[in-house]
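**Q** quick check, what structure comes out for this input:
(4 chains)
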Number of protein chains: 2
Amino acid sequence: MKSTITDVASRAGVSIKTVSRVLNDEPNVTEKTRKKVRDAVKALKYRPNFSARSLAGSRSYLLAMVYDNPSVEYITHMQKGATAACREHGYHLVVEPVDWDTGDLTGDIEMLLGRLPVDGVILTPPICDSRRIVSALEKARIPMVRICPRNPLMTSAPSINMDDAAAAYDMTRYLIDAGHTDIGFIRGASSHESSHLREQGFRKALKDADLELDPARIVDGDYTFEAGLAGAELLLSGYTRPTAIFAGNDDMAAGAISRAGALGLSVPEDLSVCGFDNTALASMIFPPLTTVSQPITDAGRRAAHLLIDRASKSGTAELPQDIAVEYEIVIRGSTGTVNRG
Amino acid sequence: MKSTITDVASRAGVSIKTVSRVLNDEPNVTEKTRKKVRDAVKALKYRPNFSARSLAGSRSYLLAMVYDNPSVEYITHMQKGATAACREHGYHLVVEPVDWDTGDLTGDIEMLLGRLPVDGVILTPPICDSRRIVSALEKARIPMVRICPRNPLMTSAPSINMDDAAAAYDMTRYLIDAGHTDIGFIRGASSHESSHLREQGFRKALKDADLELDPARIVDGDYTFEAGLAGAELLLSGYTRPTAIFAGNDDMAAGAISRAGALGLSVPEDLSVCGFDNTALASMIFPPLTTVSQPITDAGRRAAHLLIDRASKSGTAELPQDIAVEYEIVIRGSTGTVNRG
DNA sequence: GAAAGCATTGACAGCGCTGTCATTTTGCGC
DNA sequence: GCGCAAAATGACAGCGCTGTCAATGCTTTC
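**A** Sure, this is the predicted structure:
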């Protein structure tokens, strides 16, 4: 029933090693031989055995994605991109959720490293900034790609970056251009580098526009809906209130809108609100959210490609390069020109 | 550096086969020997090699989860439960998103089957109702668990079921008890069995309460936010309008709330809206959604356990049993007693 | 035309584990 | 203390593939 490499070899009239060569796209095989082998493979519907391959060779055709739980959107999209890339090259993706706060992070990782021979690991934030995990991976010589690391210099491993600061800058600029001069900002979780970058971009845009920033206009948050609720409460309950709120992500923006509604303010007439990430939520609330779209799927795809490339030419240790992916400002109904009532 | 079973064997002063026995919890090993081996394993930080194990034996310690894209929540939670179960038993989870509509479904699956020796496959809706996939899996003798299959009789493989009809019944009953007599219903995608079950539950509750059902009060949807928008439009634009809308899932409920807001109706004063699934969205919109909580994580956990159990005692082919998981009605701000203004 | 050089192919030894079956040890009844 | 069954242990052969290195075939060069 299930054919092995030996079957293919005898049917093609060559040695198993030659079959192996063809299968792995190795050089030094005549085109004629190559064809014979390919035909035999097709005829027998032969598929190489994973375990045997990785036991004998150095590749396992397995990639792992390690994540905490930044957001379900994030994970699913990243996963989608990564699996797409995997499929192109006969790879598969293993998922490893870990618990950053309470769980035994290092133990989890060791579990993974020690047992499963993966060819590479994709590290999403905030996991990618765990020194222990990164160095454990380095010590085990398992290639990794870090997605938006907080500290890019922690390791020489390549990373996929999104210019959060520039995006936040552009978004703030858009609000300013719409006439807003008093803008509140709700920070993200300080454990995520993105929070700081987004705040930086916000601050810079104000400064470049010669707008004064009242420190009270920046409040803490942690990327959750509840934080948006609380942050908006804080920003809107003062004697004067901002005409716009820039939330560090969509969940918090949703929270802000929710609180605004509860306070009797209509969005965007009385208050403009914008978010960041363009999650599905953004177009599911009323009014739909102006936000920044991050190409997460694309980031996943590229991360996987990087790792697969590395595994293919493991000999040639060329410089691993960082990759930047592009953002886009998506304008929807939650923002408008300032209402000078 | 990396120790093998031989190292453990010599350190413990036993044969590799005995080490193997201890590792696999096989019988016929003295407790004393067992301890010696365990100590050696610990001292050497030994971890069995995956590939070797699955090449030599019959288990691969790998489970696959095949899914289309029902909802990001669904996937992530299911994944969380499944990976948790996997970790308990040294298993890993491979994710395989496929494209039900456009993609080469069968090809994708063959890719998986032929190459990766997984011990079992978790099939989520609507994939679990693909006759071709199910029979391909059966032919390849790969165990599977289907989550909420539309047709439980299609195969003898076990399934995890949630009683959608009963949940919808209870939810409708709750609305009726709150005084609603004119209730609209927005259907889910007809490709999902859940849509039909939920509708059934809704209808039955009305009937049991001797309430007349105007056929126009049931409108089509497809589980998307937009469908909720459109469905609510249809339901609310007639000469008379319902005092409550029961949407087939949370996304559609969010759409309904959004449209209600646009039409100047306040929720829940003028209109009660409830959903199904208790996604994160449910508590992120204003007002927060009354909905049905499905234990998806738990379903994932159980599915994985079932598969792992099967793989462990592959000899004893005991009857695979179906499992039902419990739902819960979560009452939040989007519903209230009927307002007889 | 022979020697040297390179492209192509094959033989063979594992990779680290589990399954099978042989062998040793233990426990137990008398 | 002996014999026997049962429990405990070990020897060994692969699982299906890749890496190494040797062997072969085919050009090229003088």
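
**Q** could you use CA atoms for every contact and neighbour count after this?
**A** Noted.

**Q** poorly predicted segments of the stretch 201-341 of chain A, please.
**A** A:313-320, A:340-341 (pLDDT under 70).

**Q** all helices of chain A, in order?
**A** For chain A, helices defined by DSSP state H occupy the ranges A:5-12, A:16-23, A:31-44, A:50-56, A:72-88, A:105-115, A:131-139, A:164-177, A:193-208, A:225-236, A:250-262, A:296-312.

**Q** quick one: contacts of the shortest one?
**A** If you take CA atoms under 8 Å, 6 or more residues apart in numbering or on different chains as the criterion, helix A:50-56 is touched by A:59, A:60, A:61, A:117, B:50, B:51, B:52, B:54, B:55, B:115, B:116, B:117.

**Q** contact residues of the stretch 1-150 of chain A facing DNA strand C?
**A** A:13-18, A:27-30, A:32-34, A:52, A:55-57 (CA under 7 Å from any atom of the strand).

**Q** narrow these to just the buried residues.
**A** Neighbour-count burial (16 or more other CA atoms under 10 Å in any protein chain shown) is assigned, among these, to A:16, A:18, A:33, A:34, A:52, A:55.

**Q** circling back: okay, who's weakest in the contacts of helix A:50-56 by pLDDT?
**A** Within the contacts of helix A:50-56, residue B:115 has the lowest pLDDT, namely 69.

**Q** just give the closest residue to residue A:227, not the sequence neighbours.
**A** Spatial nearest neighbour of residue A:227, chain neighbours left out: residue A:221 (5.0 Å); criterion: CA to CA, 6 or more residues apart in numbering or on different chains.

**Q** who's in contact with the one you found?
**A** By CA under 8 Å, 6+ apart, the neighbours of residue A:221 are A:186, A:187, A:188, A:189, A:227, A:228, A:231, A:252.

**Q** rerun that using 7 Å as the cut-off
**A** Residue A:221 makes contact with A:186, A:187, A:188, A:189, A:227, A:228, A:231, according to CA atoms under 7 Å, 6 or more residues apart in numbering or on different chains.

**Q** and it, how far is that from chain B?
**A** 15 Å (CA to the nearest CA, to the nearest Å).

**Q** just read off the phi/psi values of that residue.
**A** Main-chain dihedrals, residue A:221, degrees, to the nearest 10: phi -160, psi -180.

**Q** what about it, distance to residue A:229?
**A** Distance, residue A:221 to residue A:229, by CA to CA, to the nearest Å: 9 Å.

**Q** with residue A:279 instead?
**A** Residue A:279 is 18 Å from residue A:229, by CA to CA.

**Q** and the closest residue to residue A:124 other than its chain neighbours, how many neighbours?
**A** Using CA to CA, 6+ apart and skipping residues adjacent in sequence, the residue nearest residue A:124 is residue A:147, 5.0 Å away. Using other CA atoms under 10 Å in any protein chain shown, residue A:147 has 27 neighbouring residues.

**Q** can you check residue A:178 too?
**A** 15.

**Q** if we can go back for a sec, let me have the contacts of residue A:221 in a markdown table, extended by neighbour count and distance to residue A:297.
**A** Converted to a markdown table, the contacts of residue A:221 look like this (neighbours: other CA atoms under 10 Å in any protein chain shown; distance: CA to CA, whole Å):
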| residue | neighbour count | distance to residue A:297 |
| --- | --- | --- |
| A:186 | 31 | 26 |
| A:187 | 25 | 24 |
| A:188 | 26 | 22 |
| A:189 | 18 | 22 |
| A:227 | 25 | 26 |
| A:228 | 32 | 26 |
| A:231 | 28 | 30 |
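
**Q** which two of those have the greatest separation?
**A** A:189 and A:231 (12.6 Å; CA to CA).

**Q** out of the helices of chain A, deepest packed?
**A** Of all these, helix A:250-262 carries the top mean neighbour count, a mean of 26, counting by mean count of other CA atoms under 10 Å in any protein chain shown.

**Q** that helix - contacts with which helices or strands?
**A** Helix A:250-262 sits against helix A:225-236, strand A:272-274, with contacts defined as 3 or more CA pairs under 7 Å, 6 or more residues apart in numbering or on different chains; DSSP states H and E.

**Q** then that helix to PDB, C-alphas only?
**A** The C-alpha trace of helix A:250-262 is given here as PDB (Å, rounded to 0.1, in the frame of the first residue of the first chain):
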ATOM      1  CA  ASP A 250      -8.500  48.500  18.600                       C
ATOM      2  CA  ASP A 251      -9.700  46.700  21.800                       C
ATOM      3  CA  MET A 252      -9.000  49.800  23.800                       C
ATOM      4  CA  ALA A 253     -10.500  52.000  21.200                       C
ATOM      5  CA  ALA A 254     -13.600  50.000  21.400                       C
ATOM      6  CA  GLY A 255     -13.600  50.500  25.200                       C
ATOM      7  CA  ALA A 256     -13.200  54.200  24.700                       C
ATOM      8  CA  ILE A 257     -16.100  54.300  22.300                       C
ATOM      9  CA  SER A 258     -18.200  52.300  24.700                       C
ATOM     10  CA  ARG A 259     -17.400  54.600  27.600                       C
ATOM     11  CA  ALA A 260     -18.000  57.700  25.500                       C
ATOM     12  CA  GLY A 261     -21.500  56.300  24.600                       C
ATOM     13  CA  ALA A 262     -22.100  55.700  28.300                       C
END
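
**Q** what angle sits between it and helix A:225-236?
**A** 50 degrees (axes from the mean of the first three to the mean of the last three CA atoms, to 10 degrees).

**Q** contacts for helix A:250-262, please.
**A** A:223-229, A:232-233, A:247, A:266, A:273-279, A:282, B:284-286.

**Q** can we see that at 6 Å?
**A** The contact list for helix A:250-262, computed with CA atoms under 6 Å, 6 or more residues apart in numbering or on different chains, reads A:223, A:224, A:225, A:228, A:229, A:232, A:247, A:275, A:276, B:286.

**Q** how about stretch A:223-235?
**A** A:188, A:189, A:221, A:251, A:252, A:253, A:255, A:256, A:259.

**Q** how far away is the last one from DNA strand C?
**A** Using CA to the nearest atom of the strand, to the nearest Å, one obtains 57 Å as the distance from residue A:259 to DNA strand C.

**Q** with the fifth one instead?
**A** Taken as CA to the nearest atom of the strand, the spacing of residue A:252 relative to DNA strand C amounts to 48 Å.

**Q** picking that back up, so which of the helices of chain A gets nearest residue B:109?
**A** helix A:72-88 (11.3 Å).

**Q** and that closest one, what other elements does it pack with?
**A** On a contact count with 3 or more CA pairs under 6 Å, 6 or more residues apart in numbering or on different chains; DSSP states H and E, helix A:72-88 meets helix A:296-312.

**Q** which residues does residue A:165 contact?
**A** By CA under 6 Å, 6+ apart, the contact list for residue A:165 reads A:197, A:198, A:201.

**Q** how near is the closest residue in space to it that isn't next to it in sequence to residue A:176?
**A** Counting by CA to CA, 6+ apart, residue A:201 is the residue found nearest to residue A:165 once chain neighbours are left out, at 4.2 Å. Distance, residue A:201 to residue A:176, using CA to CA: 13 Å.

**Q** go on, residue A:204?
**A** From residue A:204 to residue A:176 the distance is 12 Å (CA to CA).

**Q** the residue of the stretch 51-200 of chain A found nearest DNA strand C and residue A:10: what is the separation?
**A** Nearest residue of the stretch 51-200 of chain A to DNA strand C: residue A:56, at 3.1 Å (CA to the nearest atom of the strand). Residue A:56 sits at a distance of 21 Å from residue A:10 (criterion: CA to CA).

**Q** do the same with residue A:135
**A** Counting by CA to CA, the gap from residue A:135 to residue A:10 is 47 Å.
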